[in-house]
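# From the sequence below, what's the structure:
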Amino acid sequence: MTSAAHRITLSDSEASFQCDEHDTVLRSALRAGMAFPYECNVGACGNCKFELIEGSVEMKWAEAPAWTDRDRSRNRYLGCQCVPLSDCTVKFRPSEQYAPVHLPRRVAGTLAGRRSITHDIEEFHFALATDMPFEPGQYALLNLPGVRGVRAYSMSNISAAGTAGEAPMLHFQVRRVPNGKGSNVLFDGLEMGAQVEFDGPYGMAYLRRKVTRDVLCVAGGSGLAPMISIARGFATEPALAGAKLHFLYGARTPRDVCGHDMLASLPGFDERFRFEAAVSDATNVDAGAVWTGHTGFVHELADTMFGDGLRDMEIYFAGPPAMGQAIQRTLLARKVPFEQVHFDQFY
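Below is the predicted model of the structure:
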């Protein structure tokens, strides 16, 4: 039995795409190769708003923070939360930068392994039934058992494709969040072999393979995952063989610092890679330990280390919202060209 599908037409154009009853307007558009603007994909940023011209739709999450009373009054909806109830005509402005490199697909996977990274971050390994190609730095949406809605997590590996005889894999580095429904399921609710549905890839903050500037990756918390993926992609990209990568990690305490071991295992680490960490609370150390690294916030470290040289770098960052906002202010003050800065908004 096939699911019902509706035709979505872009107003004032001949462009259209199919959207089935289990999909959203945004994701079905991306699956069709359309350049539909978006970022978070979970109802928080509002970048995927469109105007409904004809037809009827339903919001899967009516309380989504990015859907305002003003939007309701103007017949505007969030593409990532909206499913069609009929054929529709919609209005949004396609932007070529959002054209998907890989068409998103829905793939089943099973939990095949996990390892600890810090006291509150673990890496989860999922074996996929079929491949899901992605670019370094992108993310997937996870449908976790018992959790309403999807959760977005970035991959830390660089290719889902498995070697001969092995299943393709997705790796996710997840921080346990107090009262976090998604992270609690991953940490405590999944047994080995448990099945999860993935939808992806998504995200615009992926490695620009043809840009040969030196690279700066700035990470905090579980923002480590996409930055490690970018570093791994950088290490294996022939076009970037002449460039260097600087990796800065911002942590609250010394025991939260991570990432160095993953970078150190990459080919050419001593010649092409540099890792530095900054902690905002250097007094909170294990018994007998002394923090000898940088103290303060990671955006301050980036500014101190590179200054106006930031303008000559390709910059990627991921982490807590406050960290991201501080980095953006720093880069703006240094007049770094917007097109050299890459991040996905999560809340």
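
# Next, the closest residue in space to residue 317 that isn't next to it in sequence: secondary structure please.
Nearest residue to residue 317, sequence neighbours excluded (CB to CB, 6 or more residues apart in numbering): residue 218, at 4.0 Å. Every C-beta, even on glycine, is put in place using the N, C-alpha and C of the backbone. Under DSSP: H, G, I helix; E, B strand; the rest coil, the three-state class of residue 218 is strand.

# All the strands of the stretch 101-250 of the chain, residue numbers only.
Along the stretch 101-250 of the chain, the segments classed as strands by DSSP state E, counting those that start in this stretch run 105-116, 121-128, 139-143, 151-154, 169-175, 195-202, 214-220, 245-251.

# gap between the spatially closest residue to residue 308 that is not a sequence neighbour and residue 227?
Nearest residue to residue 308 in three dimensions, chain neighbours excluded: residue 334, at 6.0 Å (CB to CB, 6+ apart). Distance, residue 334 to residue 227, using CB to CB, to the nearest Å: 20 Å.

# Counting neighbours, go ahead and name the busier of these two.
Shown here are residue 334 and residue 227; by other CB atoms under 10 Å, residue 227 has more neighbours (32 against 15).

# just checking, that one touches residue 298?
No - Residue 227 is beyond contact range of residue 298, at 11.4 Å (criterion: CB atoms under 8 Å).

# intersection of neighbour lists for those two?
Taking CB atoms under 8 Å, 6 or more residues apart in numbering as the criterion, residue 227 and residue 298 both touch residue 218.

# do you know how far residue 41 is from residue 152?
Using CB to CB, we find residue 41 at a distance of 6 Å from residue 152.

# again but with residue 317, I slipped
With CB to CB as the criterion, residue 317 and residue 152 are 16 Å apart.

# repeat for residue 228
From residue 228 across to residue 152, the span is 17 Å (CB to CB).

# count of neighbours near residue 183?
Residue 183: 22 neighbours (other CB under 10 Å).

# ignore the last one, residue 200
26.

# Once you drop chain neighbours, what's closest to it?
residue 140 (3.2 Å).

# again, but for residue 42
Excluding the flanking residues, the one nearest residue 42 by CB to CB, 6+ apart is residue 152, at 5.6 Å.

# that older thread, find residues that contact each of residue 41 and residue 152.
141, 202.

# who has more neighbours, these two?
residue 41 (30 against 19).

# which element is that one on?
Element membership for residue 41 (DSSP states H and E) is empty, with no helix or strand holding it.

# Three-state assignment for the residue nearest to it when sequence neighbours are not counted, please.
In space, and not counting its chain neighbours, residue 41 is closest to residue 80: 4.9 Å by CB to CB, 6+ apart. With three-state DSSP as the basis, residue 80 sits in coil.
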